[in-house]
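S.K.: Prediction below, plus the sequence it came from.
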Amino acid sequence: MRIQGIIVSDLQGRIHWPAVATAGIRYAVTHATEGVDRVADTFSLNWVAIPQVGLTRGAYHQFRPQSDPRQQADRFLSVVRLEAADFPPVLEVSSTDGVSVDRLTSALSAWLGRVEAATQRLPILRVSGNLWRSLGNPRAFSRYPVWIVHHSSALEPAVPAPWDTWTLWEYSDRANVAGIVGWTKASWFNCTQKGTSNPDILELQKRLQATGFYIGKMDGVFGDRTEEAVIEFQTAAGERVDGIVGPKTWSKLAGGAASFFKTVTQESTTSPEIAPGTRLSELFTNYQSSPQREQLLEELQQKIPQPTLKEFARQWREQVKATNVPIYLVDVAKYYRGLPHHVRALDWLQKQLPAADIEAFAAGWHEAATLPETPLLIVDAVESYRALPYQNQALEWLHEQMSPEMLREFASRWRR
């Protein structure tokens, strides 16, 4: 499923946005800045008008390789004030301007890193396949969503390495859209829904997990549990509920829990009613999986009445109304990230249980930490991956130990 949008700049002049909205367009990305000093003349007007007609909006920066990337990033950040429902920042790279590959890729990394740190969102990289291949398909940018510029009537764009799929596709620069005099650039957004399986789904699951809606395997497969999490997120966000991740849902997820949900306030980490060393939220911090601990979690769950579990799930997911979607303490421990509403939910759950049961659980939990470590299976590492710094360092170390032949064989088997 694809959803149509447009890319506009000063070339389109004054746009009649109500007419655009009735022409089947669902999102619009407007030129904001270029180089270290230029601001598009039409940016301010478009930026205000786009959401007023119900479209998801975004802003892009036209990169100039000869100019300082940090100054370019600062210029974009000083002009564009993103809100929770907006697209992440977009960086357009259309030319090398004659600079070397190393210099250009280093400059791109500097811009992307600076903007990501400032906005807490993963920027979108807008680039043509031909240009990207001329840079040698650098793998360092694979984590960024790609907006492919490929003007074609083909069913799919040519996606360059290192990406396996596309997030957006600019398929034409000569689209005729109501409300715009002359031509404009047109684009597809690649919706994700049940049955999809690609690396973008893994990123979706991470975002849903960060907002407290997804507790399950980080497997890159859009299955029943991922669909349920998307539906719950859409309900909480006040969006159309269909279980499909289109531009609006994707943009709000890209905004993250800190910008959209009420999880940003600093809260106390003390609870006088809970005995020291037995607090579940503290026990689950930096969770290390082991058979002993999983058994303890399963035994504790069996002691919890279903109505209590249901209310705990509601609080954990920040739902207005409880649903029948099950929750498992093993998953809660694996994917716990210390979000304030998760801490509150665990504290509430703990207070519903007999103190003796919690003390016995905590004693067994601490005892499991003293047992000899069992070998870590790769599949367990993948399931508990949360993009924590020490986990990334461990994966990078493992990658360095593998020969190119092993990496190619692993990639071949993984992508079957």
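M.R.: Thanks, I have it.
S.K.: So what are the structural domains in the chain, by residue number?
M.R.: Taking automatic domain parsing as the domain assignment, the ranges for the chain are 2-190, 199-245, 280-370, 386-414.
S.K.: Quick check: which of these is buried the most?
M.R.: domain 199-245 (a mean of 20; mean count of other C-beta atoms under 10 Å). Yep, even glycine has a C-beta here, placed from its N, CA and C like the rest.
S.K.: Can you tell me the element the spatially most central residue of the chain falls in?
M.R.: What sits nearest the mean C-alpha location of the chain, by C-alpha atoms, centre = their mean, is Arg207, with 4.3 Å. Under the criterion of DSSP states H and E, Arg207 resides in helix 199-210.
S.K.: Could you do Ile6 as well?
M.R.: Following DSSP H and E, one finds Ile6 within strand 2-8.
S.K.: what's that strand packed up against?
M.R.: The contact analysis (3 or more C-beta pairs under 8 Å, 6 or more residues apart in numbering; DSSP states H and E) places strand 2-8 against strand 27-34, strand 168-175, strand 184-190.
S.K.: Format these as JSON lines; extra columns: mean pLDDT and distance to Ala110.
M.R.: Shown next, in JSON lines, are the helices and strands packed on strand 2-8 (pLDDT from 0 to 100; distance: least, C-beta to C-beta, whole Å):
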{"stretch": "strand 27-34", "mean pLDDT": "97", "distance to Ala110": "16"}
{"stretch": "strand 168-175", "mean pLDDT": "95", "distance to Ala110": "23"}
{"stretch": "strand 184-190", "mean pLDDT": "95", "distance to Ala110": "26"}
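S.K.: can you redo the ones you listed as JSON lines with distance to Leu253?
M.R.: Below are those laid out as JSON lines (distance: least, C-beta to C-beta, whole Å):
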{"stretch": "strand 27-34", "distance to Leu253": "15"}
{"stretch": "strand 168-175", "distance to Leu253": "15"}
{"stretch": "strand 184-190", "distance to Leu253": "13"}
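S.K.: wouldn't Ala175 be in contact with Thr184 here?
M.R.: Yes: at 5.4 Å, Ala175 counts as touching Thr184 under the criterion of C-beta atoms under 8 Å.
S.K.: between these two, what contacts are shared?
M.R.: Common contacts of Ala175 and Thr184, defined by C-beta atoms under 8 Å, 6 or more residues apart in numbering, comprise Ile6.
S.K.: And the residue nearest to Gln234 when sequence neighbours are not counted, how close does it get to Thr196?
M.R.: Computed as C-beta to C-beta, 6 or more residues apart in numbering, the closest residue to Gln234 that is not its neighbour in sequence is Val241, at 4.6 Å. To Thr196, Val241 is 18 Å away according to C-beta to C-beta, to the nearest Å.
S.K.: mind checking how far Ala140 is from Gly364?
M.R.: Ala140 is 44 Å from Gly364, by C-beta to C-beta.
S.K.: Let's have the domains of the chain in JSON lines, adding distance to Leu377.
M.R.: Putting those into JSON lines (distance: least, C-beta to C-beta, whole Å) gives the following:
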{"stretch": "domain 2-190", "distance to Leu377": "25"}
{"stretch": "domain 199-245", "distance to Leu377": "14"}
{"stretch": "domain 280-370", "distance to Leu377": "9"}
{"stretch": "domain 386-414", "distance to Leu377": "13"}
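S.K.: Comparing the ones you listed by mean pLDDT, which bottoms out?
M.R.: Confidence, taken as mean pLDDT, is least for domain 386-414 of the domains of the chain (a mean of 76).
S.K.: Now do stretch 142-161: distance to the chain's middle.
M.R.: Its chain's C-alpha centre and that of stretch 142-161 lie 19 Å apart, by C-alpha atoms, centre = their mean, to the nearest Å.
S.K.: cool, and stretch 134-153?
M.R.: How far stretch 134-153 lies from its chain's middle: 18 Å, per C-alpha atoms, centre = their mean.
S.K.: what's the span of that stretch, first residue to last?
M.R.: Taking C-alpha to C-alpha, to the nearest Å, stretch 134-153 runs 23 Å from one end to the other.
S.K.: Number the residues from 211 up from this point.
M.R.: Renumbered: residue one is now 211, and that last one reads stretch 344-363.
S.K.: Give me the residues contacting that stretch.
M.R.: For stretch 344-363, the external contacting residues (C-beta under 8 Å, 6+ apart) are 298, 300, 304, 306, 311, 314-315, 318-319, 322, 332-339, 367-373, 376-383, 397, 410, 413.
S.K.: in the stretch 361-510 of the chain, which spans are helices?
M.R.: 409-420, 434-447, 457-470, 490-493, 501-512 (DSSP state H, counting those that start in this stretch).
S.K.: name the helices or strands packed onto the last one?
M.R.: Same thing as helix 501-512. Here helix 501-512 touches helix 539-545, helix 565-580, going by 3+ C-beta pairs under 8 Å, 6+ apart.
S.K.: residues making contact with the helix or strand immediately after it in the chain?
M.R.: Per DSSP H and E, helix 501-512 leads on to helix 516-526 as the next helix or strand towards the C-terminus. Counting by C-beta under 8 Å, 6+ apart, helix 516-526 makes contact with 422, 425, 511, 514, 529, 531-537, 542, 551-552, 554-556, 558-559, 562, all of which sit outside it.
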